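Novice: Next input, structure requested:
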Amino acid sequence: PQGRAGLFLRGGFPGGVQGPELMQRIRKQAELLGVEFLDENVTKVDFKKNPFKLFVNEDEFTAKAVIVATGASARWLGIPSEQKLIGKGVSACATCVVPDTEIITNPSIKKIKNITHDKILTHEGRFKECYTKGTRRFNGDLVVINPSFLPGKLKLTEEHEVLAAKRIKSYYYKKFKFTKKNNWKYLMEKEGLTPNWIPAGDLNKGDFLFYPILKSITDKKYIKVSDIVKCNVKDNIAITKNITYSSHTINNNLITNKDFMRLCGYYLSEGDGGKELKFSFNKNEIEYINDVRSLIKKIFKLNSKLKTEGNVTRIIIYSGLVGNFFKNMFGNDAASKSLPAWMLYLPKDKQTELFKGMWRGDGSEKSKKFHYTTSSKLLASQLQTLLLRLEILPVISITTKERMNKKRHYINGREIIAKNDKYEFEIAGPYLATLSKLLNYHHRFLDIRKRTSIYGWFNGGYAIIPIRNINREHYSGLLYNLAVND
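Specialist: Have a look, this model is predicted:
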């Protein structure tokens with residue numbers, strides 16, 4: 001094409017292009033031709049006469065024409081094949097989630113209203129950068145989805161599309177409930193249970209959500225102490241800047257092998273860093289106490305001391321360099337501990353050892369399941385990501401501090417007041433045997449159970465989770481949406 005149309009059509013995209021990238025390219029080209037863009041929120045308009053007036057706070061703009069594109073609802077073409085192919089390549093979505101919707105970013109969790117250019121976990125199981133965020137006013141009913149396994153509820157507009165699959169009508173849940181073999185994959189292939197983008201308003205109880213699993217694997221062979229702690233380094237030996245008679249030296253390059261990862265797990269559950277490094281265990285957990293002492297000796301070439309008070313035995317390493325290394329990398333307070341982002345991408349064998357150390361500290365064996373508890377919201381989210389990568393589907397529940405404090409609790413006459421919410425993980429069903437093998441810890445229930453309940457499973461890089469229930473809730477206020485770079 002020639003003339004002005006050629007400015008946009010010449011060249012094409014032989015390899016294809018995603019919508020967000022196409023929009024960015026068109027905008028950049030328009031800017032090159034002198035078009036000025038103002039990204040502002042219009043606070044008032046006056047359409048009584050031409051030229052029309054638009055106000056951004058105190059600033060006034062005039063225009064001969066104004067296009068109002070709020071995205072309040074999708075505008076369809078109206079052709080016969082359109083409705084038939086919705087969710088199978090044909091889609092439309094308005095700005096659609098409430099401001100407090102939590103988004104998994106790298107390396108934290110953020111409410112959508114606070115997202116800027118963060119990297120967020122997409123349906124492809126990869127973190128991608130958010131390049132724009134839209135908002136609109138809404139007054140109406142939202143769809144509230146309560147998924148099995150995962151905590152919290154999803155509040156969406158009816159037209160918001162969800163990666164999901166409709167339940168096969170010819171089968172009932174009870175037919176799948178008890179089985180000795182996980183035959184879901186076979187049934188999916190036989191009945192065509194595959195993921196599609198389905199409007200939230202078309203979903204029902206018993207339909208399946210496809211939750212993305214982080215796919216990327218990036219190993220990290222070494223970590224430098226000097227990247228974590230301010231210290232002096234000479235000939236690959238690290239020492240504190242303020243040297244005293246009791247200062248210790250350690251290798252600056254630490255090998256991030258399975259032993260190192262297990263020690264990190266112990267710290268996340270039972271560690272306390274700073275001027276010294278401490279681990280606290282029940283005095284009867286001799287195996288774990290000896291393991292931590294052995295790892296400290298092996299990795300840092302340092303001796304440790306034991307101190308027992310009542311039922312608690314503490315392992316103490318008198319080294320500010322090592323203590324601050326762990327404190328800076330993972331945090332110190334139980335409610336604020338978290339993993340550095342790179343640990344989410346490690347190979348599965350290293351992540352297994354990480355969780356093994358965590359479980360030995362804050363985990364337990366219940367009659368029919370494994371149990372793990374943390375008061376760190378971020379660590380709970382990261383642990384969910386880690387377990388899904390290991391193809392373990394936990395049931396995650398949240399007990400709020402308000403609920404815990406409704407009943408008074410005392411230890412040795414001292415009242416205990418919960419300051420943080422509690423995040424609990426329960427691993428049962430077919431994943432009990434999986435985790436038992438990974439932890440190298442045999443769960444006694446495996447010897448006596450005769451059947452296994454299967455409600456969710458893994459396939460094609462997704463955790464496939466049934467919808468527990470779904471309803472409607474009235475909402476009036478702002479809605480948000482995101483777009484990511486491909």
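Novice: Now find how far off-centre the strand ranked longest in the chain is within its chain.
Specialist: As assigned by DSSP state E, the longest strand anywhere in the chain is strand 462-484. Centroid separation for strand 462-484 versus its chain: 16 Å, with CA atoms, centre = their mean, to the nearest Å.
Novice: Show me what counts as buried in it.
Specialist: Buried residues in strand 462-484, defined by neighbour count with 16 or more other CB atoms under 10 Å: 462-467, 470, 475, 479-484. Yep, even glycine has a C-beta here, placed from its N, CA and C like the rest.
Novice: what's the answer for stretch 98-111, then?
Specialist: Neighbour-count burial for stretch 98-111 flags 98, 101, 103, 104, 105, 106, 107, 110 (criterion: 16+ other CB under 10 Å).
Novice: on that earlier part again, tabulate the buried residues of strand 462-484 (CSV), appending pLDDT.
Specialist: Shown next, in CSV, are the buried residues of strand 462-484 (pLDDT from 0 to 100):
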residue, pLDDT
462, 90
463, 92
464, 90
465, 91
466, 90
467, 93
470, 95
475, 93
479, 87
480, 86
481, 83
482, 80
483, 76
484, 77
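Novice: Over to the closest residue to residue 342 other than its chain neighbours. Which of the three states is it?
Specialist: Spatial nearest neighbour of residue 342, excluding adjacent residues (CB to CB, 6 or more residues apart in numbering): residue 220 at 5.5 Å. In terms of secondary structure, residue 220 is coil; the call rests on DSSP: H, G, I helix; E, B strand; the rest coil.
Novice: give me phi/psi at residue 220?
Specialist: Torsion angles at residue 220 (phi, psi; degrees, to the nearest 10) stand at phi -130, psi 110.
Novice: List the contacts of it.
Specialist: Neighbouring residues of residue 220 by CB atoms under 8 Å, 6 or more residues apart in numbering: 256, 342, 346.
Novice: now it: how far from residue 254?
Specialist: Residue 220 is 11 Å from residue 254, where distance means CB to CB, to the nearest Å.
Novice: And residue 397, by the same measure?
Specialist: 36 Å.
Novice: From the contacts of residue 220, list just the buried residues.
Specialist: Buried subset of the contacts of residue 220 (neighbour count, 16+ other CB under 10 Å): 256, 346.
Novice: Closest one of the contacts of residue 220 to residue 241?
Specialist: residue 256 (24.4 Å; CB to CB).
Novice: Test my guess that that closest one contacts residue 224.
Specialist: No: using CB atoms under 8 Å as the test, residue 256 is too far from residue 224 to be in contact (10.7 Å).
Novice: quick one on the thing from earlier: give me the more crowded residue out of residue 397 and residue 254.
Specialist: Higher neighbour count among residue 397 and residue 254: residue 254, with 17 against 13, using other CB atoms under 10 Å.
Novice: before we move on, which element is residue 77 in?
Specialist: Using DSSP states H and E, residue 77 sits within no helix or strand.
Novice: likewise residue 350?
Specialist: Element membership for residue 350, per DSSP H and E: helix 348-362.
Novice: Any chance you could list what contacts that helix?
Specialist: So helix 348-362 is contacted by 219, 256-259, 261-270, 281, 285, 288, 291, 339, 343, 346, 370, 372-374, 383, 386-387, 389-390, 438-440 (CB under 8 Å, 6+ apart).
Novice: Can you tell me which of the residues you listed are buried?
Specialist: Neighbour-count burial (16+ other CB under 10 Å) applied to the contacts of helix 348-362 gives 256, 258-259, 261-270, 281, 288, 291, 339, 343, 346, 370, 372, 374, 383, 386-387, 389-390, 438-439.
Novice: Cross-reference the residues you listed with the strands and report the matches.
Specialist: Per DSSP E, the buried ones among the contacts of helix 348-362 map to strands at 281, 370, 372, 374.
Novice: Show me what counts as buried in stretch 330-343.
Specialist: Buried residues in stretch 330-343, counted by 16+ other CB under 10 Å: 330, 331, 332, 334, 337, 338, 339, 343.
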